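Participant: Just a sequence and a predicted model for now, questions to come.
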Amino acid sequence: MTADSPDGAVPHGAVPVGAVPHGAVPHGSTARFVVEPVGAWDHAHAVGLLAAHSVPGAEATDVAAATHARLVELGTGAERASHRLDLSFAATGVDVTVTGPDGVPPTQATVDEARRVVRTWLDLDTDLDDVERGFADDPVLGPLVAARPGIRVTGNPDGFETAVMTVLGQQVSLAAARTFTGRLVAAHGEPVAGTGLTRFPRADRLAAADVDELRAAVGVTNSRARTIHALAEVVADGLVIAPDVDHADARRRLLAVPGIGPWTVEYLAVRALGDRDAWPAGDLVLRRVMGGLTTKEAEVAGAPWSPWRAYALFHLWAAVLPTAP
């Protein structure tokens, strides 16, 4: 999927064939473009990670076909709406198809926004040469990077969704977290016509829900339901969980939510805030792969890997965790 790709893919940055510049994209309600990484990319790792976190009803991932689909909010003001993004992965880039809701075609501005969202979501703009050179001589990370170069920090385009799933995943398996999150989507999400997917519940909807109803619908404890409700209230009140916000302020406000501790905040800093030096030292898998360290010992051990500790984290995770369900 390079600029001269023979498969008909539109080169990165190009307007789809027949598109009206700055206007509606023809061919029904879809548009197609390609995004390419800066340098090497382990796309199989990205697909596997997306599959392992895929929310039933809201996302669809096919590991064998290397595809992933989900809804993303695009547009501004009254024109903001949920669009389906279908991603087809290869080592050279991602072929993206944007489908508008209920047959409404995406505008060129929406397509451009979708391109920016995908590049940020999949961490395609980072030049990994500096990162991997910095790890090359490290006795722990050097062999991991040599064995599997090109691992990027795959995030999520919806910070609130990531935060909710992370809370639901506290002290349970990832499979259980996906089940809980799927139940939440089924109970409070909104199907988007013409996309075949359900939009993750908005924060204001969950903030208005009864805590006991949330607990019953999702099948979690009272304390976990209260945390989800409190998180929704904070986000509905204006907290934005995204890369372009003040990270220190977002961390502070998240940590003030009852039931959210340092591990959750640092995990969200990695996957939702886009902090490439975030380091959830309390992570059980991380501590285990580092030889059974305590949280304080893991904090000290990770210091030499700054300012790229999120990449170190992903390499350490990839060494021991399957990335697909």
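Facilitator: Looks like it came in fine.

Participant: packing partners for the helix or strand encompassing Pro143?
Facilitator: Assigned by DSSP states H and E, Pro143 belongs to helix 141-147. Here helix 141-147 touches helix 128-135, helix 309-320, going by 3 or more CB pairs under 8 Å, 6 or more residues apart in numbering; DSSP states H and E. Using the backbone N, CA and C atoms, a C-beta is placed for each residue, glycine as well.

Participant: which residues in the stretch 1-150 of the chain form strands?
Facilitator: For the stretch 1-150 of the chain, the strands defined by DSSP state E, counting those that start in this stretch cover 30-35, 59-62, 67-74, 81-90, 93-99.

Participant: give me the low-pLDDT residue ranges for the stretch 151-300 of the chain?
Facilitator: Nowhere does the stretch 151-300 of the chain drop to pLDDT under 70.

Participant: after the helix holding Pro143 comes which helix or strand?
Facilitator: Beyond helix 141-147 toward the C-terminal end (DSSP H and E), the next one is helix 159-168.

Participant: Contacts for that next one next, please.
Facilitator: By CB atoms under 8 Å, 6 or more residues apart in numbering, the residues outside helix 159-168 that reach it are 53, 55, 58, 155-156, 177-178, 180-181, 184, 200, 202-203, 206, 218, 220, 224, 227-228, 231-232, 235, 240-242, 254, 259-260, 264, 267-268, 271-273.

Participant: Give me the nearest residue to the residue most central in space within the chain, chain neighbours excluded.
Facilitator: Note on the chain: the residue nearest the mean C-alpha position is Asn156, at 1.6 Å, using CA atoms, centre = their mean. Spatial nearest neighbour of Asn156, excluding adjacent residues (CB to CB, 6 or more residues apart in numbering): Thr162 at 4.3 Å.

Participant: That neighbour and Gly259: what is the separation?
Facilitator: For Thr162, the distance to Gly259 (CB to CB, to the nearest Å) stands at 16 Å.

Participant: Compare these two (neighbour count), which wins?
Facilitator: Neighbours were counted for Thr162 and for Gly259 using other CB atoms under 10 Å; Thr162 has more, 21 against 16.

Participant: Which parts of the stretch 201-325 of the chain are helices?
Facilitator: Using DSSP state H, counting those that start in this stretch, the helices of the stretch 201-325 of the chain run over 203-208, 211-218, 222-236, 247-255, 262-271, 284-289, 295-302, 309-320.

Participant: can you put those helices in CSV and add distance to Pro139 and mean neighbour count?
Facilitator: Converted to CSV, the helices of the stretch 201-325 of the chain look like this (distance: least, CB to CB, whole Å; neighbours: other CB atoms under 10 Å):
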stretch, distance to Pro139, mean neighbour count
helix 203-208, 44, 17
helix 211-218, 43, 16
helix 222-236, 39, 20
helix 247-255, 30, 16
helix 262-271, 23, 21
helix 284-289, 14, 16
helix 295-302, 11, 16
helix 309-320, 13, 21
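
Participant: would JSON lines of the ones you listed with distance to Gly100 be doable?
Facilitator: What follows is those, written out as JSON lines (distance: least, CB to CB, whole Å):
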{"stretch": "helix 203-208", "distance to Gly100": "22"}
{"stretch": "helix 211-218", "distance to Gly100": "30"}
{"stretch": "helix 222-236", "distance to Gly100": "26"}
{"stretch": "helix 247-255", "distance to Gly100": "31"}
{"stretch": "helix 262-271", "distance to Gly100": "27"}
{"stretch": "helix 284-289", "distance to Gly100": "39"}
{"stretch": "helix 295-302", "distance to Gly100": "43"}
{"stretch": "helix 309-320", "distance to Gly100": "33"}
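
Participant: Out of those helices, flag the one nearest Asp129.
Facilitator: helix 309-320 (12.1 Å; CB to CB).

Participant: Report the inter-axis angle for that closest one versus helix 295-302.
Facilitator: Angle, helix 309-320 to helix 295-302, by axes from the mean of the first three to the mean of the last three CA atoms, to 10 degrees: 110 degrees.

Participant: Packing partners of helix 309-320?
Facilitator: In terms of contacts (3+ CB pairs under 8 Å, 6+ apart), helix 309-320 is packed against helix 128-135, helix 141-147, helix 284-289.
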